[in-house]
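**Student:** Have a look at this prediction, sequence included:
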Amino acid sequence: MSKQGGRLSNFGGADWLLLLVMLPLYFAVWGRFGQKFAAAAGLSVATGVACWFVALLQQPANSDIKAGEIPFCWSLFILFPVFCPLALPLWIIPPLLVLAYIISISSFGGFRRHCFNPVAVAVVLMLVGYSSTASLSASKPLLSAGAGYRAWSAGVPPTRPLWFYYAAVPLEKLLVASFSADLPAMPGSVFSLPLLFLAGVMALFFGRGRAWFITLLLAVPGFAAIAGNAGLVSFSPLHPLLLGLAPALMLIAVVDYHTLPTRMSEQIISGLLFSALLLLFTIRSVNPLGAVYAFLLMQVLSPLLCDLLLPQKGGAR
């Protein structure tokens, strides 16, 4: 989001960076997981273009708002493929995203007024509709890079929970594993290190939830170390930061920073809460998308926690 002539441009420098990074990343995922992922990503973006065109048609004829200034949440349609399982039927993606946009954006008065992250809402709607089927399984990548360009779908789910495989990665090979795309995962989140790096650029250089992001960088390994010392987990403190859905969730949060607290103290409390919930919903869960529940719980509970912990003066913290 950027300002042009005193107005908010709907697609600023950070948004262009998101698009320029995610498109080649999705192309690489296509090569490891098959053509169906490319179809799902293309369908998601096409749904966004169609919804934006509808929003454009709804503008009054005498409106002086330019097409690029129409408030619209592009991140929902660009980032939903990160969480999209291969077994999800393609036909469900457009109505699912439209419903998520209506619930998370339109019902709160429009973009920039919403309270809940639309990507997380879309994933939860998907979980509600398909939680009793195999459609939400993670997938093993194809054996060779580039094989997915010739195959429809990798389509082979892992036989054990994801963190069984992640915990087996030695610490010295952790960085390589986070961008090699050799581990089973939700296809769009398999390149976890690039996602974490992009989230860091968004937060640190574009000022989108900077304190929240830094809190997670410190708190997730910190809580993991505490859990390891207590014998609850058997991996290093860096494992939950570099593998799994944590980088993807950090990215959707800082991209749609409107749903994060604005004050630094509130961002720190929110980050601490999410770090604890992330470990709770990830380590022992057989649901590969369970961490998304932790993200939405953070958005529900952090305002209440801030009211309890932060002093109030004159009705304001």
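**Tutor:** Now that the structure is in, tell me what you want to look at. Because the structure is a prediction, the values reported are computed rather than measured.
**Student:** which residues in the chain form strands?
**Tutor:** 2-4, 7-9 (DSSP state E).
**Student:** rank these by mean pLDDT and give me the bottom one.
**Tutor:** When the strands of the chain are compared by mean pLDDT, strand 2-4 comes last with a mean of 44.
**Student:** any idea how far residue 14 is from residue 40?
**Tutor:** The spacing between residue 14 and residue 40, counted by C-beta to C-beta, to the nearest Å, is 24 Å. Glycine gets a C-beta too; all of them are placed from N, C-alpha and C.
**Student:** Now residue 71: closest residue in space, sequence neighbours ignored.
**Tutor:** residue 111 (3.9 Å; C-beta to C-beta, 6 or more residues apart in numbering).
**Student:** which ones are touching that neighbour?
**Tutor:** 71-73, 105, 258 (C-beta atoms under 8 Å, 6 or more residues apart in numbering).
**Student:** Count the residues that sit near residue 289.
**Tutor:** Neighbour count of residue 289, defined by other C-beta atoms under 10 Å: 20.
**Student:** what sits against it?
**Tutor:** Contacts of residue 289 by C-beta under 8 Å, 6+ apart are 83, 85, 123, 126-127, 136, 186, 245.
**Student:** which two from these end up farthest apart in space?
**Tutor:** Of all pairs drawn from those, the one with the longest distance (C-beta to C-beta) is 126 and 245, at 13.9 Å.
**Student:** Helices along the stretch 201-317 of the chain, start to end?
**Tutor:** Shown for the stretch 201-317 of the chain, the helices assigned by DSSP state H, counting those that start in this stretch span residues 210-229, 239-242, 246-255, 264-282, 291-309.
**Student:** between those, which one is nearest to residue 29?
**Tutor:** Nearest of the helices of the stretch 201-317 of the chain (C-beta to C-beta): helix 246-255, 12.0 Å.
**Student:** Give me the helices and strands touching the closest one, please.
**Tutor:** helix 74-79, helix 118-130, helix 192-206, helix 210-229, helix 264-282, helix 291-309 (3 or more C-beta pairs under 8 Å, 6 or more residues apart in numbering; DSSP states H and E).
**Student:** right, and those helices - which one's nearest residue 164?
**Tutor:** Closest among those, once you apply C-beta to C-beta, is helix 264-282, at 12.4 Å.
**Student:** Counting neighbours, which bits of that closest one end up buried?
**Tutor:** Across helix 264-282, burial judged by 16 or more other C-beta atoms under 10 Å covers 266-282.
**Student:** ok, back up a step: now render the helices and strands packed on helix 246-255 as CSV, adding distance to residue 141 and mean pLDDT.
**Tutor:** Output for the helices and strands packed on helix 246-255, formatted as CSV (distance: least, C-beta to C-beta, whole Å; pLDDT from 0 to 100):
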stretch, distance to residue 141, mean pLDDT
helix 74-79, 20, 92
helix 118-130, 21, 88
helix 192-206, 13, 93
helix 210-229, 25, 94
helix 264-282, 20, 93
helix 291-309, 20, 91
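**Student:** now for the ones you listed, which one comes closest to residue 25?
**Tutor:** Short answer: helix 192-206, nearest of these by C-beta to C-beta, at 6.0 Å.
**Student:** Give me the helices and strands touching the closest one, please.
**Tutor:** Looks like helix 192-206 contacts helix 13-33, helix 174-180, helix 210-229, helix 239-242, helix 246-255 (3+ C-beta pairs under 8 Å, 6+ apart).
**Student:** any idea which of those is most buried?
**Tutor:** Ranked by mean neighbour count under mean count of other C-beta atoms under 10 Å, the helices and strands packed on helix 192-206 are led by helix 246-255, which reaches a mean of 27.
**Student:** Outside of it itself, list whatever touches it.
**Tutor:** Contacts of helix 246-255 (C-beta under 8 Å, 6+ apart): 14, 18, 75, 79, 82-83, 117, 119-120, 186, 188-189, 192-193, 195-196, 198-199, 202-203, 208-209, 212-213, 216, 220, 240-241, 259-260, 278, 282, 291-292, 294-295.
**Student:** hmm, try it at 7 Å
**Tutor:** By C-beta atoms under 7 Å, 6 or more residues apart in numbering, the residues outside helix 246-255 that reach it are 18, 75, 79, 82-83, 117, 119-120, 189, 192, 195-196, 198-199, 202-203, 208-209, 212-213, 216, 220, 240, 260, 278, 291, 295.
**Student:** out of the helices and strands packed on helix 246-255, nearest to residue 100?
**Tutor:** Of these, nearest to residue 100 by C-beta to C-beta is helix 118-130, at 3.6 Å.
**Student:** and the angle for the closest one with helix 291-309?
**Tutor:** 130 degrees (axes from the mean of the first three to the mean of the last three C-alpha atoms, to 10 degrees).
**Student:** Tabulate the CA atom coordinates of stretch 183-192 in PDB.
**Tutor:** Taking Å, rounded to 0.1, in the frame of the first residue of the first chain, the C-alpha atoms of stretch 183-192 are listed here in PDB:
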ATOM      1  CA  LEU A 183      10.300 -32.800   2.800                       C
ATOM      2  CA  PRO A 184       6.500 -33.500   2.700                       C
ATOM      3  CA  ALA A 185       4.500 -30.400   3.200                       C
ATOM      4  CA  MET A 186       1.600 -28.300   2.100                       C
ATOM      5  CA  PRO A 187       3.000 -27.700  -1.400                       C
ATOM      6  CA  GLY A 188       2.900 -23.900  -1.300                       C
ATOM      7  CA  SER A 189       4.700 -23.700   2.000                       C
ATOM      8  CA  VAL A 190       7.500 -26.200   1.200                       C
ATOM      9  CA  PHE A 191      10.100 -23.400   0.500                       C
ATOM     10  CA  SER A 192       9.900 -22.100   4.100                       C
END
